[in-house]
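Student: Got a predicted structure here, sequence first:
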Amino acid sequence: MSHVLVLVDAPEGEVRKSTLELLTLARRFGRPAAVVLQAADPAAVEQLGRYGAETVYVVDDPAARDFLVAPTVDALARVAGGLLKSGDLAGVLTGSSPDAKDVAARLAVRLGSGVVTDAVNVEAGDDGRPVAVQSAFAASYVVRSRFPAGVPVIAVKPNAVTPEEAPVEPAVEQVQISFTDLGKGARITSRTPREASGRPELTDASVVVAGGRGLGGAEAFALIERVADQLGAAVGASRAAVDAGWYPHSHQIGQTGKTVSPQLYLAAGISGAIQHRAGMQTSKTVVVVNKDPDAPIFELSDFGVVGDLHAVLPQFSQEIDRRRS
Amino acid sequence: MLRVVTLVKYTPDPTGDVGFADDGTVDRAAVDGQLSELDEYAAEQALRLAEEAGDAEVTYLTMGPSDAVGALRKALAMGGDRGVHILDDALHGSDVIATSRVLAAALSKLDYDIVLCGMASTDAGTGVIPALLAERLGIPQLTYAQSLALKDRTVRIERETDVAVETVEAELPAVVSVTDRSGDARYPSFKGIMAAKKKPVETWSLADLEVPGDEVGLGAALSATVSATKRPPRQAGPKVVDEGEGGVALADFLAAQKFI
Ligand SMILES: Cc1cc2nc3c(=O)[nH]c(=O)nc-3n(C[C@H](O)[C@H](O)[C@H](O)COP(=O)(O)OP(=O)(O)OC[C@H]3O[C@@H](n4cnc5c(N)ncnc54)[C@H](O)[C@@H]3O)c2cc1C
Ligand SMILES: Nc1ncnc2c1ncn2[C@@H]1O[C@H](COP(=O)(O)O)[C@@H](O)[C@H]1O
């Protein structure tokens, strides 16, 4: 079987769960090889190997961090080009953050290939080539795409699969690159890391607890945070709550915010506008607290409570504490 | 003179019931179209840049079926100078790779200092077109701008990623995509709507762009839809009215599902 390149997402050196998912998917149609765009931390290499990466390509050049997107494309194109020469490349998998999607698309142009973004799964087709699965139009359609020619490039959403170990001893290969001028066109002149909340990363989280305008004010997000911490969840918000200044934009879920597909999504005081659904409709289980029985969010819910969240959420929290003590 | 080209797309009303046609492409006929809401923000930024520069020209570019001219008219009603509509039957079913090729070919025919895009199309948009245009035109990409400033020939944006807030700078020419936080779009005035009817709109075919028709469209797609199956509508689960025990009922449900 040929190699499948996986672009590693490891902010601060720590490999994200979504990368382990990509390695797991890669094994369905090839032999995973990881591409890391920073100094290779031994623990990270060990972890990539544990999930099946036979080779870890390390491109440790500050340009990859100082310039937007294009140097990452240069690096992947370089590694992919090397494998292509020996006919040893079955595909490329990236994450589905905005920048990762851009990388995937630009790489596809350079490889003369097609690209599918926001995949919720990757399957092996009858011919052994990958088939990308997407969810479209308010998750009302399942779309399967194949790649008639070229090297399939697929950007996959988090939580597509449960990461499975397949331990190997990875070979580490340092790759030197001279980046193109184009690669150095858009310089990142400042970067202010977001304050760590101590909660799971929103896009990776297996449980998300989200609040909307129905909270009535910033203080009420304390109710959301309490439930989130009890469930080991990340906190999300609707645009109405963000626009009101109750919670930071980095937590907005929806068309113009983050896309999440957790195992469990709890929506409190959110009506379920189409633009909000766009960011959460691939969640596996959805539960709702809303005082309006006709709120459209109930159409998506597996279990709903019609009631005032200011009463329901505190009681829910107490009940969890009671059951756990 | 500052030459701004803004890309606008005509998309089905997102609140409509959009689906797939038999050939696996988006069925645009079924639902009314409109200027993609997210492209209004790009038009707004174009007009602000033009107002600041004084000596400027704003061109809108769209690719789509004949009614896509509606996107140009709506944007022109907000302001700006002219529109270009890429219209060709061979484009039907184009994937992002082909779409970006055609849009880039049109941009190469136009003079531009800055190319402005929305952050994503509201119909199944993936947001990668701006990056693909940067790739094809060989110019910097500054994507997902929450704010945008131009000083001499340097464009600077602020953007937010998963982990950080970033400032990014590049020299013109560049492609910039803007988010819905970049600033509310103005409403077209009655005068603006009337004026828009007289503004020049050109229609270009693939031949005008020297792009062979058999290298775009459904037949040439590098990713091909094998199947688009409608899911059975999600079955809404039970809904209990809180009469003092709502929180407990929720805990019962989640415990049964092993979340607690
Ligand atoms: C181009 C564009 C992009 C957009 N992008 C996004 C996006 O990314 N994400 C997003 O979320 N929205 C987005 N929106 C906005 C979206 O259309 C809605 O306006 C928004 O999602 C509404 O937020 P909400 O549900 O919190 O508020 P509302 O729609 O006002 O709903 C509040 C809900 O809270 C309930 N409620 C009120 N009080 C209580 C109480 N005490 N207890 C329980 N329930 C209560 C009400 O019954 C109601 O259902 C976008 C819009 C546009 C035009
Ligand atoms: N057919 C099109 N015509 C004009 N502009 C487009 C077209 N498709 C995409 N764009 C531009 O590219 C942006 C991102 O679109 P997308 O990558 O399709 O989500 C949009 O907001 C538009 O500015």
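Tutor: Everything's here; your move. Ligands and ions are numbered 1, 2, ... in the order given.
Student: how about the worst-scoring helix or strand of chain A on mean pLDDT, does it reach chain B?
Tutor: The helix or strand of chain A with the poorest confidence is helix A:63-66; it has a mean of 89 (mean pLDDT, DSSP states H and E). No. Judged by CB under 8 Å from any CB of the partner chain, helix A:63-66 makes no contact with chain B; its nearest approach is 10.2 Å. The C-beta positions use only the backbone N, C-alpha and C, and glycine is treated the same way.
Student: what's in contact with that helix?
Tutor: A:37-38, A:71-72, A:75, A:179, A:183-184, A:187-188 (CB atoms under 8 Å, 6 or more residues apart in numbering or on different chains).
Student: Kindly recompute the last result at 6 Å.
Tutor: With contact meaning CB atoms under 6 Å, 6 or more residues apart in numbering or on different chains, helix A:63-66 is reached by A:37, A:71-72, A:179, A:188.
Student: Report the buried residues of stretch A:281-290.
Tutor: A:281-283, A:285-290 (16 or more other CB atoms under 10 Å in any protein chain shown).
Student: same deal with stretch B:210-223?
Tutor: B:211, B:216-218, B:220-223.
Student: check those against ligand 1, which are close?
Tutor: Contacts with ligand 1 are made by none of the buried residues of stretch B:210-223, judged by CB under 6 Å from any ligand atom.
Student: Quickly name whichever of those is closest to B:Ala98.
Tutor: Nearest to B:Ala98 among these is B:Val216, at 4.0 Å by CB to CB.
Student: quick check: mean pLDDT across stretch A:130-144?
Tutor: Averaged across stretch A:130-144, the pLDDT comes to 87.
Student: burial of residue 10, as a residue count?
Tutor: All of this is about chain A. The number of residues packed near A:Ala10 is 18, by other CB atoms under 10 Å in any protein chain shown.
Student: actually it's chain B I care about, not the one you picked
Tutor: 25.
Student: my read: it touches B:Gly64, true?
Tutor: Yes. Contact status for B:Tyr10 versus B:Gly64: in contact at 5.0 Å, counting by CB atoms under 6 Å.
Student: For chain B, just list every one of the strands.
Tutor: In chain B, the strands defined using DSSP state E lie at B:2-7, B:10-12, B:33-35, B:56-63, B:82-86, B:114-118, B:141-145, B:147-151, B:154-160, B:164-171, B:174-178, B:201-204, B:224-230, B:239-241.
Student: Could you dump the ones you listed into a markdown table and include distance to ligand 2?
Tutor: Formatted as a markdown table, those follow (distance: least, CB to the nearest ligand atom, whole Å):
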| stretch | distance to ligand 2 |
| --- | --- |
| strand B:2-7 | 3 |
| strand B:10-12 | 8 |
| strand B:33-35 | 10 |
| strand B:56-63 | 4 |
| strand B:82-86 | 7 |
| strand B:114-118 | 3 |
| strand B:141-145 | 9 |
| strand B:147-151 | 14 |
| strand B:154-160 | 15 |
| strand B:164-171 | 18 |
| strand B:174-178 | 6 |
| strand B:201-204 | 12 |
| strand B:224-230 | 16 |
| strand B:239-241 | 35 |
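Student: Of those, which stretch is the most buried?
Tutor: The highest mean neighbour count among the strands of chain B, using mean count of other CB atoms under 10 Å in any protein chain shown, belongs to strand B:174-178: a mean of 30.
Student: Can you spell out which helices and strands pack onto that strand?
Tutor: Under the contact criterion of 3 or more CB pairs under 6 Å, 6 or more residues apart in numbering or on different chains; DSSP states H and E, strand B:174-178 touches helix B:37-53, strand B:114-118, helix B:129-137, strand B:141-145.
Student: how about those, which one is nearest chain A?
Tutor: With respect to chain A, and counting by CB to the nearest CB, the nearest of the helices and strands packed on strand B:174-178 is helix B:129-137 at 3.6 Å.
Student: residues in contact with the most centrally placed residue in chain B?
Tutor: Taking CA atoms, centre = their mean, the centroid of chain B lies closest to B:Ser121, which sits 3.6 Å from it. Shown in contact with B:Ser121 (CB under 6 Å, 6+ apart): B:9, B:11, B:36.
Student: and if you look at B:Phe253?
Tutor: By CB under 6 Å, 6+ apart, the neighbours of B:Phe253 are A:Phe303.
Student: Repeat that for B:Ala249.
Tutor: B:Val240.
Student: switch the cut-off to 8 Å
Tutor: B:Ala249 sits next to A:305, B:240, B:242 when contact means CB under 8 Å, 6+ apart.
Student: Let me know the secondary structure of the first one.
Tutor: This means A:Val305. strand (DSSP: H, G, I helix; E, B strand; the rest coil).
Student: any idea how far A:Pro296 is from it?
Tutor: 16 Å (CB to CB, to the nearest Å).
Student: Quick check on the two: which one has the bigger neighbour count.
Tutor: Between A:Val305 and A:Pro296, A:Val305 has the larger neighbour count (other CB under 10 Å), namely 30 against 15.
Student: Which strand residues bridge that one?
Tutor: A:Val289, B:Val240 (DSSP bridges).
Student: Quickly note the distance from it to ligand 1.
Tutor: Note on A:Val305: its distance to ligand 1, by CB to the nearest ligand atom, to the nearest Å, is 9 Å.
Student: Hmm, that residue is touching A:Ala311, no?
Tutor: No. Counting by CB atoms under 8 Å, A:Val305 does not reach A:Ala311; the two are 9.8 Å apart.
Student: Need the residues touching each of the two.
Tutor: B:242, B:246-247.
Student: returning to that earlier point: so which of the contacts of B:Ser121 comes closest to chain A?
Tutor: Once CB to the nearest CB is applied, the member of those that ends up nearest chain A is B:Ser36, at 11.0 Å.
Student: Phi first, then psi, for the closest one.
Tutor: For B:Ser36, the backbone dihedrals (degrees, to the nearest 10) come out as phi -50, psi 130.
Student: Please list the residues of chain A that sit near ligand 1.
Tutor: A:212-214, A:238-241, A:252-257, A:269-271, A:273, A:275-276, A:279, A:289-292, A:295, A:308-310.
Student: Not counting the lowest-mean-pLDDT helix or strand in chain B itself, show me its contacts.
Tutor: Within chain B, no helix or strand scores below strand B:224-230, which has a mean of 89 by mean pLDDT, DSSP H and E. Outside strand B:224-230, the residues that touch it by CB under 8 Å, 6+ apart are A:114, A:131, A:136, A:140-148, B:19-20, B:24.
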